[in-house]
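Enquirer: Structure for the following, please:
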Amino acid sequence: MTELKRTPLYDLHVSLGGKMVPFAGWEMPVQFPMGVMGEHLHTREKAGLFDVSHMGQVLLRATGADPAGVLETVVPANIVGLPEGRQRYGIFTNDQGGILDDLMIANRGDHLFLVVNAACADQDIALLQALDGVEVTPVTDRALLALQGPEAGRVLSAIIPEAAALKFMDVAILPWDGDELWVSRSGYTGEDGFEISVPAARAREFAETLLKDEAVAPIGLGARDSLRLEAGMPLYGHDMDAGVTPGAAALGWSIPKLRRAGGEREGGFPGADVILPELANGAAKIRVGLRPEGRAPIREGVAIFDAETGGAEIGRVCSGGFGPSVGGPVAMAILPADLSEGDTVWAELRGKRIAVKIAALPFIKPDYKR
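Expert: Now for the predicted structure:
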């Protein structure tokens, strides 16, 4: 059995009463004494501090060609046109048109900074190392924190005044007490906030500095999941994987016109022959929101049918739970594209079918600083 890795904040989590669980090869806090519901609502109302140090941080520099152009051979995004000081969401695709991982890509002038999912980090780094013309440097000496919620801007600006000027998806390297923080105004909750890469040796000190503000509370993986679900954000390994296309995952928006059929830099990435026709013609199935009737959540794996009795199974829930801010159960599933908002489908729970309405995503109105 492989030993679980620990982030630089492990001891802090334990001291704060964090309940530690295995997650993607790491020992991570699933919740703190406030509880998942309390942590979720606290983040929506004030500011939550998340340890996301398990994510992979990677620097990409050119050894010959422009790193953005090289990265475009495996990621169907407009990276060449990404301005310095900005970041963009992207996906790695495979030859069958499926999604290998999703990632954030930041342009920091003479290099790119990537953040990839923990469970896929080794695979992603190997994929990047196989590319010609780039030097790949996994960042192993930094922690990654996310400060999320309506008070995040005030809290971080009190410590780092320059952070106040950042807008949604801006990135900057900012000074803090003799060290460098790599800051982006982004996150995975649907709220305003920041992701902050800090030297591992000073991660606890920085986290404790943020936690001194009474608006900030430590938040675990449980509330991180319910927050991103309400925000309609897909999670790798649940709402998308190597067998799900960008069209089916409702991530076609991440593939711009210039990378599509007839575009200036059409294709040139794995699976383009599958992905581009599907985006042009529309996917047969697509990820949608679900609002079950009643209070019982429908969770991942629950079968969805097109009729209350008999009928056909048309999909399975890929993410589901209770939405504390919504005040009821919410879920997502990849279902036939001809279904419309307000249509009824049926979820089978313990041998009984319950009515579920197709709902628009996201379930809450995002609050980003544009």
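
Enquirer: Give me the longest strand you can find in this protein.
Expert: strand 313-323 (DSSP state E).

Enquirer: So which other helices or strands are in contact with that one?
Expert: helix 221-230, strand 285-292, strand 303-305, strand 328-336 (3 or more Cβ pairs under 8 Å, 6 or more residues apart in numbering; DSSP states H and E). C-beta: built from backbone N, CA, C; applies to glycine.

Enquirer: how does it look with 6 Å?
Expert: Contact analysis of strand 313-323 by 3 or more Cβ pairs under 6 Å, 6 or more residues apart in numbering; DSSP states H and E lists helix 221-230, strand 303-305, strand 328-336 as its packing neighbours.

Enquirer: Parallel or antiparallel, which strands does that strand pair with?
Expert: Note on strand 313-323: by DSSP bridges, its sheet partners are strand 303-305 (antiparallel), strand 328-336 (antiparallel).

Enquirer: which non-adjacent residue is nearest residue 26?
Expert: residue 54 (4.2 Å; Cβ to Cβ, 6 or more residues apart in numbering).

Enquirer: nope, residue 51 is what I meant
Expert: That would be residue 9: by Cβ to Cβ, 6+ apart, it lies 4.7 Å from residue 51.

Enquirer: what's the answer for residue 284, then?
Expert: Nearest to residue 284 is residue 337, by Cβ to Cβ, 6+ apart, at 6.0 Å.

Enquirer: Hmm, the one you found is touching residue 287, no?
Expert: No. Using Cβ atoms under 6 Å, residue 337 is not in contact with residue 287; the gap is 10.1 Å.

Enquirer: Residues that sit against both of those two, list them.
Expert: With Cβ atoms under 6 Å, 6 or more residues apart in numbering applied, the contact sets of residue 337 and residue 287 do not overlap.

Enquirer: Can you tell me what sits against the longest strand of the chain?
Expert: For strand 313-323, contacts defined as Cβ under 6 Å, 6+ apart pick out 226, 229-230, 238-239, 297-306, 329-336, 363.

Enquirer: do that again at 7 Å, thanks
Expert: Residues from elsewhere that reach strand 313-323 (Cβ atoms under 7 Å, 6 or more residues apart in numbering): 225-226, 229-230, 235, 238-239, 285, 297-306, 329-336, 345, 363.

Enquirer: Now do stretch 303-311, average pLDDT.
Expert: Stretch 303-311 shows a mean pLDDT of 97.

Enquirer: list the contacts for the residue nearest to residue 51?
Expert: By Cβ under 7 Å, 6+ apart, the neighbours of residue 9 are 51, 53, 143, 203, 204, 207.

Enquirer: tell me which element residue 326 falls in.
Expert: Following DSSP states H and E, there is no helix or strand that holds residue 326.

Enquirer: returning to what we had before: just the angle between the longest strand of the chain and helix 221-230, please?
Expert: 120 degrees (axes from the mean of the first three to the mean of the last three Cα atoms, to 10 degrees).

Enquirer: between the helices and strands packed on strand 313-323, which gets nearest to residue 369?
Expert: helix 221-230 (17.2 Å; Cβ to Cβ).

Enquirer: chain center to that closest one, what's the gap?
Expert: Centroid separation for helix 221-230 versus its chain: 10 Å, with Cα atoms, centre = their mean, to the nearest Å.

Enquirer: Just the CA trace of it, in PDB.
Expert: C-alpha atoms of helix 221-230 as PDB (Å, rounded to 0.1, in the frame of the first residue of the first chain):
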ATOM      1  CA  LEU A 221     -13.000  18.800   0.800                       C
ATOM      2  CA  GLY A 222     -16.700  18.200   1.600                       C
ATOM      3  CA  ALA A 223     -17.700  21.800   1.300                       C
ATOM      4  CA  ARG A 224     -15.300  22.300  -1.600                       C
ATOM      5  CA  ASP A 225     -17.300  19.700  -3.500                       C
ATOM      6  CA  SER A 226     -20.800  21.100  -2.600                       C
ATOM      7  CA  LEU A 227     -19.600  24.700  -3.500                       C
ATOM      8  CA  ARG A 228     -18.300  23.600  -7.000                       C
ATOM      9  CA  LEU A 229     -21.400  21.500  -7.600                       C
ATOM     10  CA  GLU A 230     -23.700  24.500  -6.900                       C
END
